[in-house]
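S.K.: Based on what follows, work out the 3D shape:
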Amino acid sequence: MNFGDFLMQNLHQFWQLTGFYNSTWENFVMLAVGLFFIWLAIKKDFEPMLLVPIGFGILIGNVPFNTMAGLEIGIYEEGSVLNILYNGVSAGWYPPLIFLGIGAMTDFSALIANPKLMLIGAAAQFGIFGAYMVALLLGFSPDQAGAIAIIGGADGPTAIFISSKLAPNLMGAIAVSAYSYMALVPVIQPPLMKLFTTKKERQIKMKPARAVSQNEKIIFPIVGMLLTCFVVPSGLPLLGMLFFGNLLRESGVTTRLAKTASNALTDIVTILLGMTVGASTQASQFLTAQTIGIFALGFMAFVIASSSGVLFVKLFNLVLPESKKINPLIGNAGVSAVPMSARISNNLGLQYDPSNYLLMHAMGPNVAGVIGSAVAAGVLLGFLA
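M.R.: Numbers count the residues shown, from 1 in each chain. The predicted model follows:
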């Protein structure tokens with residue numbers, strides 16, 4: 001073989017290894033989705049901490065390559081770097097660490113001061129169980145239906161944790177769906193809140209919450225962990241880490257640990273989680289009719305959850321005295337999107353009365369939603385695992 005033939009053979013071999021040669025139209029569709037996520041994060045400021053890693057992860061996961069070449073670069077190729085990082089998702093390591101950070105940065109004072117707000121967080125979980133029943137009717141297996149339904153809690157880490165246990169093959173679609181709807185909370189929730197409330201209801205002013213003592217703040221995570229985990233032991237990995245993180249915050253003697261958990265550790269895990277979840281959306285695994293069904297069911301679950309919280313407050317107000325009525329605009333905050341949902345409650349309230357600040361009141365059902373979605377996940381896991 002002369003040098004020219006040798007060179008042409010090597011060039012041809014190189015060409016067969018390039019992304020241009022191995023690309024399909026599905027790859028370009030997913031690359032467009034990844035770019036859209038990045039655009040939403042940067043230009044529209046929709047949850048950039050989530051959508052930038054996920055969007056770029058989608059780009060990484062959809063660069064086409066020859067799977068027969070044995071390069072060990074794909075996220076589903078055993079032993080590749082991406083596959084090793086993805087173990088944190090597939091084995092469910094990352095979500096409990098995220099919950100540790102959430103607990104360390106969350107102030108439960110609003111919920112402690114007004115425990116009845118816990119009921120709003122519980123009501124919002126109707127979205128999860130409603131979507132579960134619909135998913136069963138559509139032909140999904142009980143395990144798959146449970147994993148899909150948890151999207152209604154608007155809690156990405158919980159969705160990943162449950163899908164890793166119940167439906168690993170659907171994890172990419174479920175995770176991207178959950179994080180997408182979390183990012184779109186400012187778009188989806190306000191129309192629902194306006195639809196189900198009157199102008200008079202939106203102007204209800206709530207009394208300032210009572211002051212919460214330091215002892216109450218310390219006791220709450222201990223009692224909260226014991227009560228919830230005795231009821232649903234299967235939720236221990238999430239609930240245990242959530243309340244542990246909160247105890248680090250409130251104890252007053254572990255400030256360094258609380259700062260590490262809420263800042264550096266959470267940031268590192270969020271980067272790895274977002275990027276690997278995005279990379280798991282390889283076109284061959286992701287672009288299916290089943291994925292479209294998951295996104296549709298996830299949207300339905302989120303709409304039901306947001307609406308249930310608002311409608312529950314309206315119903316609850318029927319039995320509350322005039323002086324203790326709750327503004328139904330905080331009902332949307334019963335989902336687990338902290339603190340986005342609470343901010344939306346506050347912003348919408350200010351539109352109808354510039355002196356009506358609802359943020360602290362909305363944080364009660366918002367943090368209750370975090371606990372509620374983890375409890376709901378524990379219930380599903382206990383019955384289905």
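
S.K.: In three-state terms, label the residue nearest to residue 299 when sequence neighbours are not counted for me.
M.R.: Distances taken as CB to CB, 6 or more residues apart in numbering put residue 181 closest to residue 299, at 6.7 Å, once the chain neighbours are dropped. C-beta: built from backbone N, CA, C; applies to glycine. Under DSSP: H, G, I helix; E, B strand; the rest coil, residue 181 falls in the helix class.

S.K.: Report the mean per-residue pLDDT for whichever strand or helix holds residue 97.
M.R.: Following DSSP states H and E, one finds residue 97 within helix 94-105. For helix 94-105, mean pLDDT is 95.

S.K.: and it, how far out from the chain's middle?
M.R.: Centre-to-centre, helix 94-105 and its host chain are 12 Å apart (CA atoms, centre = their mean, to the nearest Å).

S.K.: contact partners of the helix or strand that comes right after that helix?
M.R.: Proceeding N to C from helix 94-105, the next assigned helix or strand is helix 109-113, under DSSP H and E. With contacts defined as CB atoms under 8 Å, 6 or more residues apart in numbering, helix 109-113 is touched by 117-118, 209-212, 216-217, 220, 360-361, 363-365, 367-368.

S.K.: hmm, back to that, output the contacting helices and strands for the helix holding residue 97.
M.R.: In terms of contacts (3 or more CB pairs under 8 Å, 6 or more residues apart in numbering; DSSP states H and E), helix 94-105 is packed against helix 156-166, helix 236-250, helix 255-260, helix 266-279.

S.K.: Pick the one among the contacts of helix 109-113 closest to residue 143.
M.R.: residue 368 (27.1 Å; CB to CB).

S.K.: does that closest one belong to a helix or a strand, and which?
M.R.: Judged by DSSP H and E, residue 368 forms part of helix 359-384.

S.K.: Just the angle for that helix relative to helix 236-250, thanks.
M.R.: 150 degrees (axes from the mean of the first three to the mean of the last three CA atoms, to 10 degrees).

S.K.: Can you list the buried residues in helix 359-384?
M.R.: Using 16 or more other CB atoms under 10 Å as the test for burial, helix 359-384 gives 359-381, 384.

S.K.: Might you report the residue contacts of residue 336?
M.R.: With contact taken as CB under 8 Å, 6+ apart, residue 336 is in contact with 153-155, 158, 366, 369-370, 372-373.

S.K.: which intervals of this structure have sub-threshold pLDDT?
M.R.: Filtered on pLDDT under 70, the chain yields the residue ranges 1, 68-70, 385.

S.K.: Now with 80, please.
M.R.: Within the chain, the segments meeting pLDDT under 80 span 1-6, 66-72, 154, 284-285, 385.

S.K.: Show me the strands in it, by range?
M.R.: Secondary structure of the chain by DSSP state E: no strands are present.

S.K.: Distance from the chain centre to the longest helix seen in it, please.
M.R.: Longest helix in the chain by number of residues (criterion: DSSP state H): helix 289-317. Between the centre of helix 289-317 and the centre of its chain there are 14 Å (CA atoms, centre = their mean).

S.K.: likewise stretch 329-339?
M.R.: Between the centre of stretch 329-339 and the centre of its chain there are 13 Å (CA atoms, centre = their mean).

S.K.: For the residue nearest to residue 61 when sequence neighbours are not counted, the count of nearby residues, please.
M.R.: Once flanking residues are discounted, residue 61 sits nearest to residue 279: 3.5 Å by CB to CB, 6+ apart. By the measure other CB atoms under 10 Å, the count of residues near residue 279 is 28.
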